[in-house]
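> With the input below, show me the fold.
(4 chains)
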Number of protein chains: 4
Amino acid sequence: MTTTNPKYIAVIGAGVCDEATTTQAEEVGRLIARAGAVLVCGGMSGVMEAACRGSKNEGGTTIGLLPGLERSEGNPFLDFSICTGIGHARNLAVAASGDAVIAIGGGFGTLSEIGLARKCGRPVVLLGSWEIWKDGCVPEGIYLANNAAEAVELTSNRP
Amino acid sequence: MTTTNPKYIAVIGAGVCDEATTTQAEEVGRLIARAGAVLVCGGMSGVMEAACRGSKNEGGTTIGLLPGLERSEGNPFLDFSICTGIGHARNLAVAASGDAVIAIGGGFGTLSEIGLARKCGRPVVLLGSWEIWKDGCVPEGIYLANNAAEAVELTSNRP
Amino acid sequence: MTTTNPKYIAVIGAGVCDEATTTQAEEVGRLIARAGAVLVCGGMSGVMEAACRGSKNEGGTTIGLLPGLERSEGNPFLDFSICTGIGHARNLAVAASGDAVIAIGGGFGTLSEIGLARKCGRPVVLLGSWEIWKDGCVPEGIYLANNAAEAVELTSNRP
Amino acid sequence: MTTTNPKYIAVIGAGVCDEATTTQAEEVGRLIARAGAVLVCGGMSGVMEAACRGSKNEGGTTIGLLPGLERSEGNPFLDFSICTGIGHARNLAVAASGDAVIAIGGGFGTLSEIGLARKCGRPVVLLGSWEIWKDGCVPEGIYLANNAAEAVELTSNRP
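Predicted coordinates for the structure are as follows:
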């Protein structure tokens, strides 16, 4: 009667984004659903909403970790929403709740989630997101994707 | 293609509990599932695990908001688990994520969740839990139940 | 060149309170300062402000752990303020940052802090605050004071 | 009887660092003290400890926002320590509590704090830290320093 443990992929990105980024996020969401993984995100608009819409269009499962206390803040493509009430600190929960994390475009909140994900040992795939270097190298555990298919594929076979 | 919004009931209680409390928590979980509500909890053992087991035995849906960073900490009756990484502060997310909250037995963490739930305006039902008085009265928004059926019923028709 | 470790007393209570409670909070603040302890609190108005005013009137030191991101939210009697940004979850930091905790009057936020303080093993002194019972007894680690002097005295000689 | 509002500078950096970074952090701490600003940090070892030691050697004031629940975790150069209990999520409080933020060297926690600081509108000065680009540019509100003196100077005259 216990349940099987689904694989979780966190999608991070800004609450406002251009059309090209929206298209990419939606495609990532679709591919996550097809891969049978749960999509977890910050639950708001922009990249988060587009990825959730993509997942739902393929029958996937979506969870939003909202910064505030009201469920109504969430985008309309969430199967489940959590009211964390901790503002930007919920970025830690988003990052840590993915077995892997895909960053699409993104602002400073996304940058913080990339750092938090790696701090928690989660692999991070960047798709049209920040360029981050340390001592001239892409840091360990960060992977660059050229398109949505590559991004989702890079989340497989990761520790 | 958007999803309907399920009703959420948060179950709070200690990570260790006696057999009578376990039986009550399991019955509460069953009744939450029969009511068609999502059970959200702290994801650990004791009251949380018993309630989740009850819900799964009736085909319900369970979500655990874990204090730490590892999904493996969660009890085996969780459909979905969130790694909040914020320790006892995740009690806020548990309390706020219920449209109503049921406290079963409980220790000091449960006491904190009762306070946080009321701070966020969520109604709280006490079942064999703390006795809490202010100026000689049970405080507003707190309801006393004598058994599992009463507890789940008291979560209905609440704001 | 290292600094000595001051003793910390957390004062918890509501952001709005009547005049009798204000008077008591101010007296508690004065006595904390005279005892040479740092007063830590949620940094807002009501009980928190009154206690800080009392401490500053006796040359004490006050620290406010604000729920939001703006220092200007804090009351004017704070020596130091921290912008936690985590809303009600900052109650954990307030409770945990006292070597002992004094609750004066108080609402549901205060109730949550009493629970969180005990969860973290901090002794809690209640002064005109919640009545909390478990199985007919005042729970372990919670002490009842009749006035400000008793409250501050009860924080001494505690583990 | 109210107190004047000190200026706060947050110093962020890893808990382990090489000798050159230690030397730089200590110098930054000294200059923050000379500038009359309060140094706020994560309270642990490495860059945090070195900066605090520098500040205390010049008679400055230091505050550590610890991830855990025990004050004894903090480095020995803290005037005041806060037990947040929220793990890596305390990075938000560190970033938000600086009127400006200086990143020295740093790991993934530091990267998260840079993102969180900018999300909260705090200016960030990088000293031997991450290289971060968006669309080929250093992002708005991030400034590059070549040495400790430049880093502290760049925190002045910022919004």
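> Show me where chain A has its strands.
A:8-12, A:38-41, A:61-66, A:80-83, A:100-104, A:124-127, A:131-133, A:142-145 (DSSP state E).
> right, and these - which one's nearest chain B?
strand A:80-83 (4.1 Å; C-beta to the nearest C-beta). Heads up, the C-betas are built off the backbone N, CA and C, glycines and all.
> Tell me which of the strands of chain A lies nearest to C:Val40.
strand A:80-83 (27.2 Å; C-beta to C-beta).
> helices and strands around that closest one, which ones?
With contacts taken as 3 or more C-beta pairs under 8 Å, 6 or more residues apart in numbering or on different chains; DSSP states H and E, strand A:80-83 sits against strand A:61-66, strand B:61-66, helix B:90-96.
> Kindly compare burial across these and name the winner.
helix B:90-96 (a mean of 30; mean count of other C-beta atoms under 10 Å in any protein chain shown).
> near chain C, which residues of chain A?
A:69, A:85-89 (C-beta under 8 Å from any C-beta of the partner chain).
> got CSV for the helices and strands packed on strand A:80-83, with mean pLDDT and distance to A:Thr110 too?
Below are the helices and strands packed on strand A:80-83 laid out as CSV (pLDDT from 0 to 100; distance: least, C-beta to C-beta, whole Å):
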stretch, mean pLDDT, distance to A:Thr110
strand A:61-66, 98, 14
strand B:61-66, 98, 23
helix B:90-96, 98, 21
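> and those as CSV, adding distance to D:Gly59?
Putting those into CSV (distance: least, C-beta to C-beta, whole Å) gives the following:
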stretch, distance to D:Gly59
strand A:61-66, 44
strand B:61-66, 44
helix B:90-96, 39
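> show me the contacts for A:Gly13.
A:21, A:25, A:46-48, A:51, A:103-106, A:110, A:129 (C-beta atoms under 8 Å, 6 or more residues apart in numbering or on different chains).
> ditto for A:Gly29
Counting by C-beta under 8 Å, 6+ apart, A:Gly29 has contacts A:11, A:39, A:50-58, A:60, A:62.
> circling back to that earlier point, between the helices and strands packed on strand A:80-83, which one is nearest to D:Val125?
Between the helices and strands packed on strand A:80-83, strand A:61-66 lies closest to D:Val125; by C-beta to C-beta that is 30.9 Å.
> hmm, the closest one in reach of chain B?
Yes - legend: contact between strand A:61-66 and chain B by C-beta under 8 Å from any C-beta is shown at A:63, A:65.
> Show me what that strand packs onto, helices and strands only.
Looks like strand A:61-66 contacts strand A:38-41, helix A:47-57, strand A:80-83, helix A:90-96, strand B:80-83 (3+ C-beta pairs under 8 Å, 6+ apart).
> give me the number of residues near A:Lys7?
14 (other C-beta atoms under 10 Å in any protein chain shown).
> does it really touch A:Val38, like I thought?
Yes - assessed by C-beta atoms under 8 Å, A:Lys7 is found in contact with A:Val38 at 7.1 Å.
> circling back: and B:Gly136, which of the helices and strands packed on strand A:61-66 is closest to it?
Here strand A:80-83 is closest among those (C-beta to C-beta), at 32.3 Å.
> contacting residues around that closest one?
Strand A:80-83 is contacted from outside by A:43, A:61-66, A:68-71, A:74, A:93, B:6, B:38, B:40, B:63, B:65, B:80, B:82, B:93, B:96-97, B:120, using C-beta under 8 Å, 6+ apart.
> So what are the sheet partners of that strand and their directions?
In the sheet, strand A:80-83 lines up against strand A:61-66 (parallel) (DSSP bridges).
> just the angle between the strand it pairs with and strand A:8-12, please?
50 degrees (axes from the mean of the first three to the mean of the last three C-alpha atoms, to 10 degrees).
> ok now strand A:61-66, how far from the chain's centre?
In terms of C-alpha atoms, centre = their mean, to the nearest Å, the centre of strand A:61-66 is found 10 Å from the chain centre.
> Which secondary structure element of chain A has the lowest mean pLDDT?
Sorted by mean pLDDT, DSSP states H and E, the helices and strands of chain A end with strand A:131-133, the least confident at a mean of 94.
> Return the residues in contact with the closest residue to A:Thr23 other than its chain neighbours.
Among residues not flanking A:Thr23 along the chain, A:Ala50 sits closest, at 7.7 Å (C-beta to C-beta, 6 or more residues apart in numbering or on different chains). Contact analysis of A:Ala50 by C-beta under 8 Å, 6+ apart lists A:17, A:21-23, A:25-26, A:29.
> and the residues you listed, which are buried?
In those, burial by neighbour count holds for A:17, A:21-22, A:25-26, A:29, counting by 16 or more other C-beta atoms under 10 Å in any protein chain shown.
> Which single one of those residues is nearest to chain C?
Closest to chain C, out of all of those and judged by C-beta to the nearest C-beta, is A:Cys17, at 23.5 Å.
> Who are the contact partners of the closest one?
Contacts of A:Cys17 by C-beta under 8 Å, 6+ apart are A:25, A:46-47, A:50, A:104-105.
> repeat that for 7 Å
For A:Cys17, the contact set (C-beta atoms under 7 Å, 6 or more residues apart in numbering or on different chains) comprises A:46-47, A:105.
> repeat for A:Gly128
Applying C-beta under 7 Å, 6+ apart, the residues contacting A:Gly128 are A:21, A:24, A:104-105.
> at 10 Å what do you get?
A:13, A:17, A:20-21, A:24-25, A:103-106, A:144-147, A:151, D:135 (C-beta atoms under 10 Å, 6 or more residues apart in numbering or on different chains).
> Could you list the low-pLDDT ranges of chain A?
The model of chain A has pLDDT under 70 over residues A:1-6, A:157-159.
> List the contacts of whatever residue of chain A ends up closest to chain C.
Residue nearest to chain C within chain A: A:Ile86 (4.3 Å; C-beta to the nearest C-beta). A:Ile86 makes contacts with A:65-69, A:92-93, B:84, B:86, B:89-90, B:92-93, B:96, C:67, C:84-90, D:86, D:89, D:92, as judged by C-beta under 10 Å, 6+ apart.
> A:Trp27 and A:Ile102 touch, don't they?
Rather than Trp, residue A:27 is Glu. No - judged on C-beta atoms under 10 Å, A:Glu27 makes no contact with A:Ile102 at a distance of 11.1 Å.
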